[in-house]
Each structure stands twice: as C-alpha cells, then as structure tokens.
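heads up, no residue letters with this:
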C-alpha cells in the first residue's frame, strides 16, 4: 500500500528534516534522504508530464505562441547572438517558428546534442530546413557538425519552482553541462505556467536557471531573506 506522502505532488515525508542553504538548495547528508528526494521527483515528474499531455495540441500551440512572444521580450536584440533551442518532445512548447524569427533578426540558432551518454551536452549550429539525423533516444540533431558556444540556452522544464530550479527528465544533462562550461551562457527555462510547483527540493548539484518563461510572463528567482 502507498502512503499519502508517496503520492505524486505530496512533499517527501522527511521534508521538515532538510536544511535549506542560502542559495535555496537543500543540504542532505543521509543517502536515504537523497534517494527519497529522487523518488519523489520521479513521481512528480510523471504527474506533470501526464498533466501536460492532457491538453489538446491546438491549445499547446496557442500557449507556445504566447511563450515565444515573452521570449522575444526577454531576448532583446539578438543580432550577432547564438541561441540554443531544443527539439520539442512530449508536449513541450514548440518554438521552431521563433527560430526563424531569430535568424531573420541577425541571430543564429543551435540545438543541444548528446555526444556520449552521461557527459555534458554539445551545441551544434542548426537552422530550419537544414538536414537532421537521429541522435540519442532518436531525438533529431543536426547532420552537419558545427559546434558553437551559445549566448543563450533554452532549457525545457517539466516543472520549476520559485527559485527557478528546474525539474527535468532526470538525466542531469543540463546541470552537468552548466557545471562544465568555463563561460556560462544565459540559461532560460521554458515551460507552461501549470508546471510551477512549490519546490523541487533542490540539492547542491542542482543549478538554478536565470529565468523561466511561460505563457504568463517571465519568472525570476525569488530572493532569499
């Protein structure tokens, strides 16, 4: 039998035992507590993904259009800048039309590429209409390899909290990538407003996004007292 604390969306039963650091992350010394956080995230991830796919494709396109408008405002002048987008999966906001706008405005686009499992992402230049091939997990990636260093990286979120900590798919690729970069780009989370939750119980290895953009506007990290 599953307890109430094991239900997706419920806080881990030990949440009151966690100590929150100044950066918003939670300090855990007990390996069992860490395992319980990861188990909680797995349930919350499934709940949010199921919720995201409940809506119609038409409604998601409408929301994606509003997200794109808010991203344009957040980007400002993109001339001479490279922005890493993502290939939309599992109901994620489809921002491919925005890529064409960025290029028309003098910017360049890229896609993240997994070159080797459990290693940092690489960013390869790509524009709509250029050839693609299947990469890891059959995700389309640019056929021609032209590695670039993006100025802005868009990170799709499954969930996010007031500190702009991101709940992703559990692979750790974005955190691993950001930790490895000598020059960190501006990292912009992208998701639907319904993906906001109270906290993801961020751990010390989690890296907060600079902002999260939804159809309702731009979320900036809440300042700690």
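Everything's here; your move. The structure presented is a predicted model; accordingly, all values stated were derived computationally and were not measured.

what's the single longest helix in this protein?
Looking across the chain with DSSP state H, the single longest helix is helix 31-52.

Show me what that one is packed against.
When contacts are defined as 3 or more C-beta pairs under 8 Å, 6 or more residues apart in numbering; DSSP states H and E, helix 31-52 packs onto strand 159-160, strand 166-167. Every residue, glycine included, has its C-beta placed from N, CA and C.

Save those as JSON lines, and put in mean neighbour count too.
Below are the helices and strands packed on helix 31-52 laid out as JSON lines (neighbours: other C-beta atoms under 10 Å):
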{"stretch": "strand 159-160", "mean neighbour count": "26"}
{"stretch": "strand 166-167", "mean neighbour count": "24"}
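
got TSV for the ones you listed, with mean pLDDT too?
Formatted as TSV, these follow (pLDDT from 0 to 100):
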stretch	mean pLDDT
strand 159-160	97
strand 166-167	96
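
ok, residue 42 to residue 124 distance?
Going from residue 42 to residue 124 by C-beta to C-beta, to the nearest Å gives 30 Å.

Settle it for me: which of these two has more neighbours?
Between residue 42 and residue 124, counted using other C-beta atoms under 10 Å, the more crowded position is residue 124 (20 against 12).

Am I right that that one sits in a strand?
Yes - counting by DSSP: H, G, I helix; E, B strand; the rest coil, residue 124 falls inside a strand.

re the thing from before, list the buried residues of the longest helix of the chain.
By neighbour count on 16 or more other C-beta atoms under 10 Å, the buried set for helix 31-52 is 33, 36-37, 40-41, 43-45, 47-49, 51-52.

do the same with stretch 101-117
Buried residues in stretch 101-117, counted by 16+ other C-beta under 10 Å: 102, 107, 108, 109, 110, 111, 112, 113, 114.

hang on, the third one packs against residue 83?
Yes - taking C-beta atoms under 8 Å as the definition, residue 108 is a contact partner of residue 83 at 7.4 Å.

Need the overlap of contacts for those two.
Common neighbours of residue 108 and residue 83, using C-beta atoms under 8 Å, 6 or more residues apart in numbering, are residue 102.

picking up where we left off before, which stretch among the helices and strands packed on helix 31-52 comes nearest residue 151?
The minimum distance between residue 151 and these falls on strand 166-167, with 19.3 Å, by C-beta to C-beta.

Touching that closest one from outside, list them.
By C-beta under 8 Å, 6+ apart, strand 166-167 touches 41, 44-45, 48, 155, 157-161, 174, 189, 197, 200, 206, 208-209, 212.

at 7 Å what do you get?
Contacts with strand 166-167, where a contact means C-beta atoms under 7 Å, 6 or more residues apart in numbering, come from 41, 44, 45, 155, 157, 158, 159, 160, 174, 189, 200, 209.

Repeat that for stretch 82-92.
49, 52-53, 60, 94-95, 99, 102, 107-112, 123, 139-140, 148, 150-154, 156.

Okay, and which of the residues you listed map to helices?
If you go by DSSP H, those have 49, 52, 60, 99, 102 in helices.

Spit out the contact partners of residue 120.
Contacts of residue 120 (C-beta under 7 Å, 6+ apart): 176, 177, 180.

ok, 8 Å please
173, 176, 177, 179, 180, 181.

Which one (most neighbours) among those?
Tallying neighbours with other C-beta under 10 Å puts residue 177 at the head of these, with 21 neighbours.

My assumption is that it lies in a helix; please confirm.
Yes - assessed with three-state DSSP, residue 177 lies in a helix.
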